[in-house]
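Novice: here is my input, please return the structure:
(one chain, ligands or ions: 1)
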Amino acid sequence: MKLDHVVKAQQFDRQMLDLVLDEAKAMERIASGGASELLRGKIMVTLFYEPSTRTRLSFESAMLRLGGQVLSSENARDFSSAAKGETLEDTIRVVEHYGHVIVMRHFQSGAAARAAHISRVPIINAGDGPGQHPTQALLDLYTIRKEVGRLDHLNVAFVGDLANGRTVRSLVYLLAKYRGTRFTFVAPDVVRIGDDIKEYLTRQEVHFEEVFELDPALAKADVVYQTRVQKERFADKPEEYARAKGKFIIDRESLAKMKGDAVLMHPLPRVDEITPEVDADPRAAYFRQAQNGLFVRMAVLKLVLLGS
Ligand code: CP
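Specialist: Numbers count the residues shown, from 1 in each chain. Below is the predicted model of the structure:
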């Protein structure tokens, strides 16, 4: 089995998800054992039109650890020919000749799908505006399986900026494929979960509720997925940002309300929505989650470039 473009979470069925998660587990062993030559002779191009720490560097580390090579444009908005007015489509028509796979982060929802539509090499969506971030969702799924020990019958609370959170959108689509998932969405009024997600869950007959208080959601969650209120999406509405920011903070007192075997996740970066005193709690999994990104992206690159 081979992956082609990785554009959105809905493209993954259970069989492919099992394959990615199992490959990631194998990659964990490769990463701890030193170098691999699996992707020798392959070149990955990264085109990032928005800032990133984890996604770009973990993809680059993944490629290098598998013996491949990397061409990187870390600020493509300012330092690629996009700054001169080149269209995304023209950029892709050129860059596809320079590498075997393109990992792209863009500020517009749907940009990865546009790129995939014309590209002759696989496009991996590394986040498209408030759209999706499918490889983050895959690493989140891997983290949940590793930390909780199962993917069925989970009560998952998503907290924070659920309107702009592309990681939330992608992860909801993946978790909805598992048996007995129950979602609780906890968001400030101005950044509630989108109607498209609610309509999708209703069609799939997956249980969800929207609440406006954090503590009851914490008490029953197996997984608490906190997110940052994304200031960069509020450029022309600062008063809405002020209403959303700081409304739901997870601190030491919150930990006391969570189940003893729950797991606390965050795609990172965080600002103030999880206080640093929480980091030492064994349930705080967000730095392990970021580490898992390396293994999952090694798996994704292998499945895109070589197949299983
Ligand atoms: N989680 C995530 O996408 O982080 P970066 O923005 O640092 O890539």
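
Novice: which helix or strand contains the residue positioned nearest the centre of the chain?
Specialist: Taking C-alpha atoms, centre = their mean, the centroid of the chain lies closest to Gln136, which sits 2.1 Å from it. Assigned by DSSP states H and E, Gln136 belongs to helix 134-148.

Novice: need the contact list for the nearest residue to the residue nearest to the centre of the chain once chain neighbours are set aside.
Specialist: In space, and not counting its chain neighbours, Gln136 is closest to Thr167: 4.5 Å by C-beta to C-beta, 6 or more residues apart in numbering. Every C-beta, even on glycine, is put in place using the N, C-alpha and C of the backbone. By C-beta atoms under 8 Å, 6 or more residues apart in numbering, the contact set of Thr167 is His133, Gln136, Ala137, Asp140, Thr227, Pro267.

Novice: could you do Gly127 as well?
Specialist: Gly127 touches Glu50, Ser52, Thr55, Arg105, His106, His133, Gln136, Arg166, counting by C-beta under 8 Å, 6+ apart.

Novice: under a three-state scheme, what state does the closest residue to Arg179 other than its chain neighbours occupy?
Specialist: The shortest distance from Arg179 to any non-neighbouring residue, by C-beta to C-beta, 6+ apart, is to Asp152 (4.3 Å). Counting by DSSP: H, G, I helix; E, B strand; the rest coil, the backbone at Asp152 sits in coil.

Novice: my read: Asp152 touches Gly180, true?
Specialist: Yes - between Asp152 and Gly180 there is a contact under C-beta atoms under 8 Å: 5.6 Å.

Novice: pretty sure Met44 contacts Leu71?
Specialist: Yes - contact criterion C-beta under 8 Å: Met44 and Leu71 qualify, at 7.4 Å.

Novice: who's more crowded, these two?
Specialist: The residue with more neighbours, out of Met44 and Leu71, is Met44; 28 against 14, by other C-beta atoms under 10 Å.

Novice: contact partners of the helix or strand hosting that one?
Specialist: Assigned by DSSP H and E, Met44 belongs to strand 43-48. The contact list for strand 43-48 (C-beta under 8 Å, 6+ apart) reads 56, 59-60, 63, 68-76, 80, 91, 95, 98-105, 126, 301.

Novice: please narrow these to those residing in strands.
Specialist: The strands, defined by DSSP state E, take in Gln69, Val70, Leu71, Ser72, Ser73, Val101, Ile102, Val103, Met104, Arg105, Ala126 from those.

Novice: narrow these to those that are buried.
Specialist: When the ones in strands among the contacts of strand 43-48 are checked for burial by 16 or more other C-beta atoms under 10 Å, the buried set is Gln69, Val70, Ser73, Val101, Ile102, Val103, Met104, Arg105, Ala126.

Novice: can you pull the contacts of the third one?
Specialist: Counting by C-beta under 8 Å, 6+ apart, Ser73 makes contact with Val45, Thr46, Leu47, Phe48, Phe79, Ser80.

Novice: what is the neighbour count of the residue nearest to Arg179?
Specialist: Neighbours of Asp152 (other C-beta under 10 Å): 9.

Novice: quick one: the helices in the stretch 151-300 of the chain?
Specialist: All helices of the stretch 151-300 of the chain, identified by DSSP state H, counting those that start in this stretch, fall at 166-175, 195-203, 214-220, 238-244, 252-257, 286-305.

Novice: the inter-axis angle of the second one versus helix 166-175?
Specialist: It stands for helix 195-203. Calculated by axes from the mean of the first three to the mean of the last three C-alpha atoms, to 10 degrees, helix 195-203 forms an angle of 10 degrees with helix 166-175.

Novice: in helix 195-203, which residues are buried?
Specialist: Neighbour-count burial for helix 195-203 flags Ile197, Lys198, Tyr200, Leu201 (criterion: 16+ other C-beta under 10 Å).

Novice: what about it, average pLDDT?
Specialist: Averaging pLDDT along helix 195-203 gives 97.

Novice: sorry, back to before: can you narrow the contacts of strand 43-48 down to the ones near the ligand?
Specialist: Among the contacts of strand 43-48, no residue sits close to the ligand (C-beta under 6 Å from any ligand atom).

Novice: get me the contact residues on the stretch 51-200 of the chain for the ligand.
Specialist: Taking C-beta under 6 Å from any ligand atom, the part of the stretch 51-200 of the chain that reaches the ligand is made up of Ser52, Thr53, Arg54, Thr55, Gly127, His133, Gln136.

Novice: can you rerun that using 5 Å?
Specialist: When proximity is defined as C-beta under 5 Å from any ligand atom, the stretch 51-200 of the chain approaches the ligand at Ser52, Thr53, Arg54, Thr55.
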